[in-house]
Structure formats: C-alpha cells, structure tokens
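Chemist: Okay, predicted coordinates and the sequence, questions at the end:
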There are 2 protein chains.
Amino acid sequence: MRIALDGMGGDHAPAVVVEGAARALAQGPADLELVLVGRPEALEPEMERVGLAGERVRLEPAQEVVSMSDSPSKVLRRMRRSSIRVAFDLHKAGEADAVVSAGNSGATMAVGMVVMGRLAEVDRPALASVFPGLAGPTVVIDVGANVDCTPLMLLQFGYMGAVYAERVLGRPNPRVGLLSIGEEGGKGNTVVKQAYEYLKNSHLNFVGNVEGRDLFSGEVQVVVCDGFVGNVCLKLAEGLVATLTRVLRDEVLRTPRHRLGALLLKPGFQNLRQRMDYSNYGGAPLLGINGVAYICHGASSAKAIASAVRMAADSVRGRVTEHLAEGLAQYRGALLGDAHNHHNGGDQQ
Amino acid sequence: MRIALDGMGGDHAPAVVVEGAARALAQGPADLELVLVGRPEALEPEMERVGLAGERVRLEPAQEVVSMSDSPSKVLRRMRRSSIRVAFDLHKAGEADAVVSAGNSGATMAVGMVVMGRLAEVDRPALASVFPGLAGPTVVIDVGANVDCTPLMLLQFGYMGAVYAERVLGRPNPRVGLLSIGEEGGKGNTVVKQAYEYLKNSHLNFVGNVEGRDLFSGEVQVVVCDGFVGNVCLKLAEGLVATLTRVLRDEVLRTPRHRLGALLLKPGFQNLRQRMDYSNYGGAPLLGINGVAYICHGASSAKAIASAVRMAADSVRGRVTEHLAEGLAQYRGALLGDAHNHHNGGDQQ
C-alpha cells in the first residue's frame, strides 16, 4: 500500500502536509508507505523537524509548485514537473496506489482525469464529499467537478455515490436522494426534474427528492446534485459552522459566569466538535477516474491530511475503483437502454 | 396602514397566525390595522381565545383553504375563494396595503404575481430572504421564485436586492455579491459567468463573486443567486442550525456537570439564538410585483408572523415598491442598452 502525497499543496504546505504524513504513518496500517512529492529543499527540513524518516517514506523530487491561482489548463499543459502531476504520474505508472493532495483542487481534478483517464461507463468523474450527520455520514456528489450537468450525469453520480457509501462507509444498499427544492417529484429545475425520472427508473435505492436539511439529517446516505450547487452547499456549511463557533465563543468569553459555565461544558463542546468534524472524513474522493485520488481542503490540518491518507488506503483496499466499474457496468442496460435512448433521441436501441 | 393576513396558512394555522396577529397589533405602530382572511368558523374561536378584537382588526371570510400539496396552477385557476386569493384581491382593490402569508409558498407567489402584476422593468419577481450575519443581515435573492434563471434575471435580482437592503434594512450603497464557487470572475456555471459580466458593468456596488460562507459573514449585504440554489441554501442553513442545536442539547443533558455549565451559560445561549434568529426578520418579501407581499415559513412561530407584519408595514411606509420601480427605471439604460442588446442578439440599439 503506497500513497503519493502532494507535499507542496495546501495553505500551510509543506509543514502541515509533512506533519500529516508522520501522523498517517504512526496511525495507519503497518503496510502503509508514503511517497512525498515536491521540492526536496522545502520538504527535507520539515521531514527532519518532525522526524519523518525510514523505509516507509521516500521523497520524489518535483521542482514546480502549483499556486491556488494557476488555471487547470496551464497546470496540465505547462507544468509537467509540478508536484500534482508527478504524483499522478507515479500512480499511473503503478508506483503508487493512490494520490492525496490539498493543493489547487481544480488543477488536481484536471490532472487526475487526464493522467488516469475515466472508467469505461463514466461520462464525467465527480468529486464526492462526506458530510457528518446525526445518524451517520452522508455522501454528497458532486461538490465541484462539474458545474453544468446533464440529467444523465446526475444519474451516474447516484451510482458512484452509492458504490462509495457501500464500499468505503460500509452502508449496504444506501438510500439515495436527489437534492431539490421540494419533496415531490415535480419540484426542481429542468435538469433535476429529468434526473428524477432517470433515478426513479434506476436500480438504485432511490427515495426521491431531498432538501438542503437532509445533508445533515442522516435520512439518506447519498445526495446527488450538480457540482455548482454541491460546492455552494459545502462552503455554506463550513461558513455557518465557523460563524456559529465564533458567535458562541464571543458569548462564552463575555462574563466570568459564562466562562465558568463553558469550563464545565468543555467535554460537551469537544464531543460536539468531534461529531461534526469534517476532518474525520479526510478529503473528497474524485470518483470515476481510473484510479484513487483524494482532494483535501486547502486549509487542511495535519489530522485531515492523515484522515485522507487513511480513507485513500481504505479505498484501495476496498477496491473502490473496481467496484465502481462493476457497479456501473451492472447498470449498463439501464443507462444505455432508457437513459441514453432518451438522452440521444432514442437512436440506440 | 392595513395588512391582509392569511389566517389559514401555515403548519399551525389558524392558532399561531391569530397569536401572531395579536402580537403584531400589541407591538406595532398605532396606525396598524389587520384583516384576517379565512374561514370564520375556524378564526373566530381563536380570536376569542387570545382576545383579538376591536377596531384595528376585522375578519374577511374566505371559505377555501389551500393545502401544502395544492399546485400553484390549481390554486390560481380553481380556488378563487381561497384565503390567499382573497388576501391579494383585497390588496389589489386597495383595501389592504400588503399581504402576509405562511401558507403554500408556491401558490402564494403565483397568486401574488398574477393578481398584483409585475413592475414595469421586472422580467420575473423574486423571493428575497434576510440571513442573519455576524456583521449585519444579508439579503439573499432569489430563494425560490425562479428555478431556471437567465443572466439578465440575475442582474435584475441584484438591483432589487440592493433597493431592499437600502430602503428596508437601512444599508446605503449596499455591497452586492454573486453566489459562485470561487472568487475569480471566471468561476461558476455558464449562467453565473455571464451574469458576472452584466453585474460588473452595472451601476451597483458589485464586489464580484462570493461563496457560500459569505451568506453569514456580513461581507456583503446582497447575495444574488438563482432560486434553486438559494432555496437549497436556505433549507441547508435551517437544517444545519437545527442539527447543531440538537447535538448540543444532547451533550448538555448528558451529565450533571454539563447541565450546571449550561445553566450558567444560559444567557449566552439565549443571546446566540437571538443573534442567529431568522424570525427577527419575519418572512421573505416577494420583490418585483406591483405590491407588497411577505411569505413566511410554514413552521413560523407567532413571533415570526408578527415580525413579517412589521417588515411588511416598514416596506409600505418605506415605499419599497415605488423605489424598486424607480431604481430599476434609473438603470433602464444599462439594462436595455448593454444587457438586452447582448441578450437579444444586439437588435435593440
């Protein structure tokens, strides 16, 4: 089990990435190996600082560093020695089983799709994110890979999310919902209304439309949406939690009485944070490529990086890519029969 | 100042609506009058229960009751004696200055648009919602009136939101942002990218793209989005706050130590709730119709109903409809010149 980790990606790279690597090796399975990809002159001092050495980690030099403002097309065409590119090249060559990066997410998705290629049944790979819920985690797919989606793409996201929920989160026969603005099938925009018909006629455990609140209720294990809406939701949730935390902290520090109350409640606050903590679920898997890639938030902590490495290892061990291919092939009839027919004007009988 | 209140709308109607009416009359300006619209046999006992009587309130009979599952077109065509329809008929006839309803929101929007008509410069009325923020409230427009939007519609939402923020929330020259998935102008889906160009070339105080987190940061006073995305965001925020509250309550009740801490922190929790409380801002105004209408959440409390009545009265007194018409007419040049040109293939020089 060998995972290529983009050493230069993220707001606090390389320090936090190297700390995450050390944490992953300390926690992870004994057969876990890491390849840290990036500029040796930046990575070596950090590795020395945290004592990251030994047979289970090696450094792969990559001189170019992708910034958050570099466009995906520029990175693809002109930065072939970037840490993101070299990490995927290692994966493609079979020298790594997965890639984890907290760098420029648009560039990571683009490089991942181009270098690894798509699975046969997939029109467009999608980024999935695991939202913590009251009654267990929920996979939201897509959260940013595709901003303009067709109904057929949403159907495929449903299949991919279901396989992920089953194989990595251990939820057999997961309940799949379509994100819309009302529970009835007729509610939603043009694309969502058509996707509803496709999902209803699929073999998925489709429960119909769900609403924004269901991203946290645990009522469904998979929520399907286009990447624009999903990404807005992801950042809205982050922003709301941050705002609530800040307002609560203001209140707690305002008087001595409040400070005492907060001290007594501290274990409760810690449990709350733990139960709602995104970093437990690591990064977002890019599903539908012919490989395993996790994209982490730019502001990821060492804990989040280590979680993403663990999730990537789980995905490799759970053979998620193979199951995605099998899952989608199993539904090939439905996809090519009903949906493609409909989609392409019925010329594929 | 006379406001027509749909007595039969909402999950807890008519009881909560009547309580809200009593609260509004007790708090509101001395010249506030209410017309409660609905079935006398349902409303009269409730009015008696809360002691709602006198010269400032009267009952307007309407025998039909719209349920949450009635389609807007059915309500429009076949339920002309519904409480929603009668309330708007009163407004149209000049017997009421505004309408407030917590009933079926799709039907309320449809009836409001058809009975009152649109303002001259408005292609499509939009539903605005006020999100509480750390640094003051933010108007999010649209939150559900239009699920498939053109770039030009988003431009008009920007104008309407800006007038509302200025006239009702008292924020001069409000900062307007476009909801997208990255701060750079090139980010977003096809419609959002074009809307960015329109907004950039408008006379609005446009600050560029904003992300989901900015609905709460108070960085902008107006957030423009299509009604599908806005509605998903609204329900996501509600759901997340509800989930966090429930998880926090679980933690607080778990041990005696926690319960004592919570007791000490109680005023802090109450302040937090107050600062994040949607019901302070009443319902969502339907902007762009030739009248004043507020649509409340189906689960509205009496306090929320009373807030909506107060906001509706503020809108009437602030002559929001006239200012919307003036504001949009003032930008007629930009709208018809640049945007319509672009939109209609340049045939309108």
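Modeler: Nice, I can see it.

Chemist: I'd guessed residue A:176 sits against residue A:208; true?
Modeler: No. At 9.4 Å, residue A:176 does not count as touching residue A:208 under the criterion of Cβ atoms under 8 Å. All C-beta atoms are positioned from the backbone trio N, CA, C, and that covers glycine.

Chemist: If you count surrounding residues, which of the two has more?
Modeler: Between residue A:176 and residue A:208, counting by other Cβ atoms under 10 Å in any protein chain shown, residue A:176 is the more crowded of the two (26 against 17).

Chemist: Local confidence estimate at the nearest residue to that one once chain neighbours are set aside?
Modeler: Closest residue to residue A:176 apart from its sequence neighbours, by Cβ to Cβ, 6 or more residues apart in numbering or on different chains: residue A:222 at 4.4 Å. Residue A:222 carries a pLDDT value of 97.

Chemist: And the strands in chain A, which stretches?
Modeler: A:2-6, A:33-38, A:57-61, A:98-101, A:126-131, A:138-141, A:175-179, A:205-210, A:222-224, A:284-287, A:293-295 (DSSP state E).

Chemist: Can you lay out those as TSV showing distance to residue B:226?
Modeler: Below are the strands of chain A laid out as TSV (distance: least, Cβ to Cβ, whole Å):
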stretch	distance to residue B:226
strand A:2-6	35
strand A:33-38	40
strand A:57-61	44
strand A:98-101	31
strand A:126-131	21
strand A:138-141	19
strand A:175-179	14
strand A:205-210	17
strand A:222-224	18
strand A:284-287	24
strand A:293-295	26
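
Chemist: Between those strands, which one is closest to residue A:266.
Modeler: With respect to residue A:266, and counting by Cβ to Cβ, the nearest of the strands of chain A is strand A:126-131 at 25.5 Å.

Chemist: re the thing from before, for the residue nearest to residue A:176, give its distance to chain B.
Modeler: 16 Å (Cβ to the nearest Cβ, to the nearest Å).

Chemist: Distance check, that residue against residue A:289.
Modeler: 19 Å (Cβ to Cβ, to the nearest Å).

Chemist: now residue A:144
Modeler: Using Cβ to Cβ, residue A:144 is found at 15 Å from residue A:289.

Chemist: Residue A:42 too?
Modeler: Taking Cβ to Cβ, one finds residue A:42 at 28 Å from residue A:289.

Chemist: Pick out whichever of those two has more residues nearby.
Modeler: residue A:289 (26 against 16).

Chemist: Please give me every residue in contact with that one.
Modeler: For residue A:289, the contacting residues are A:112-113, A:116-119, A:125, by Cβ atoms under 8 Å, 6 or more residues apart in numbering or on different chains.

Chemist: burial of residue A:183, as a residue count?
Modeler: Neighbours of residue A:183 (other Cβ under 10 Å): 14.

Chemist: try residue A:321
Modeler: Count around residue A:321 with other Cβ under 10 Å applied: 22.

Chemist: just residue A:136 next, same as before
Modeler: Based on other Cβ under 10 Å, the number of other residues close to residue A:136 is 12.

Chemist: so what pLDDT did it get?
Modeler: For residue A:136, pLDDT reads 81.

Chemist: Now for it: which residues touch it?
Modeler: The contact partners of residue A:136, by Cβ under 8 Å, 6+ apart, come to A:169, A:171, A:218, A:221.

Chemist: can you list those residues in CSV and add neighbour count?
Modeler: Output for the contacts of residue A:136, formatted as CSV (neighbours: other Cβ atoms under 10 Å in any protein chain shown):
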residue, neighbour count
A:169, 19
A:171, 18
A:218, 17
A:221, 27
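
Chemist: a markdown table please, covering those and showing distance to residue A:311.
Modeler: Shown next, in a markdown table, are the contacts of residue A:136 (distance: Cβ to Cβ, whole Å):
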| residue | distance to residue A:311 |
| --- | --- |
| A:169 | 10 |
| A:171 | 15 |
| A:218 | 19 |
| A:221 | 16 |
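
Chemist: Most widely separated two among these?
Modeler: Farthest pair in those (Cβ to Cβ) is A:169 and A:218. Separation: 11.8 Å.

Chemist: Now do the shared contacts for these two.
Modeler: Common neighbours of residue A:169 and residue A:218 (Cβ under 8 Å, 6+ apart) are A:136-137.

Chemist: How is chain A divided into domains?
Modeler: A:1-117+A:289-318, A:124-282+A:319-349 (automatic domain parsing).

Chemist: Any chance of those domains in TSV with distance to residue B:139 as columns?
Modeler: Formatted as TSV, those follow (distance: least, Cβ to Cβ, whole Å):
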stretch	distance to residue B:139
domain A:1-117+A:289-318	28
domain A:124-282+A:319-349	16
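
Chemist: what's near enough to touch the residue of the stretch 1-150 of chain A found nearest chain B?
Modeler: Using Cβ to the nearest Cβ, the single residue of the stretch 1-150 of chain A nearest to chain B is residue A:147, 4.1 Å away. Contacts for residue A:147 (Cβ under 8 Å, 6+ apart) come out as A:226-228, B:181, B:188-190.

Chemist: between those residues, which is nearest residue A:2?
Modeler: Of the contacts of residue A:147, the one sitting nearest to residue A:2 (Cβ to Cβ) turns out to be residue A:227, at 29.8 Å.

Chemist: Counting neighbours, what do you get for that closest one?
Modeler: A count of nearby residues for residue A:227, using other Cβ under 10 Å, gives 24.

Chemist: shouldn't residue A:206 be in contact with residue A:198?
Modeler: No. Using Cβ under 8 Å, residue A:206 is not in contact with residue A:198, being 9.4 Å away.

Chemist: All the helices of the stretch 1-150 of chain A, residue numbers only.
Modeler: Residue ranges of the helices in the stretch 1-150 of chain A, as given by DSSP state H, counting those that start in this stretch, are A:15-27, A:40-50, A:72-78, A:83-92, A:105-116.

Chemist: ok, and which of those helices has the densest surroundings?
Modeler: When the helices of the stretch 1-150 of chain A are scored by mean count of other Cβ atoms under 10 Å in any protein chain shown, the highest mean neighbour count falls to helix A:83-92 (a mean of 25).

Chemist: Show me what it is packed up against.
Modeler: The helices and strands touching helix A:83-92, judged by 3 or more Cβ pairs under 8 Å, 6 or more residues apart in numbering or on different chains; DSSP states H and E, are strand A:2-6, strand A:33-38, strand A:57-61, strand A:98-101, helix A:105-116.

Chemist: Redo these as CSV? Include mean pLDDT.
Modeler: Shown next, in CSV, are these (pLDDT from 0 to 100):
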stretch, mean pLDDT
strand A:2-6, 97
strand A:33-38, 97
strand A:57-61, 96
strand A:98-101, 97
helix A:105-116, 94
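
Chemist: Fine, thanks again, bye for now.
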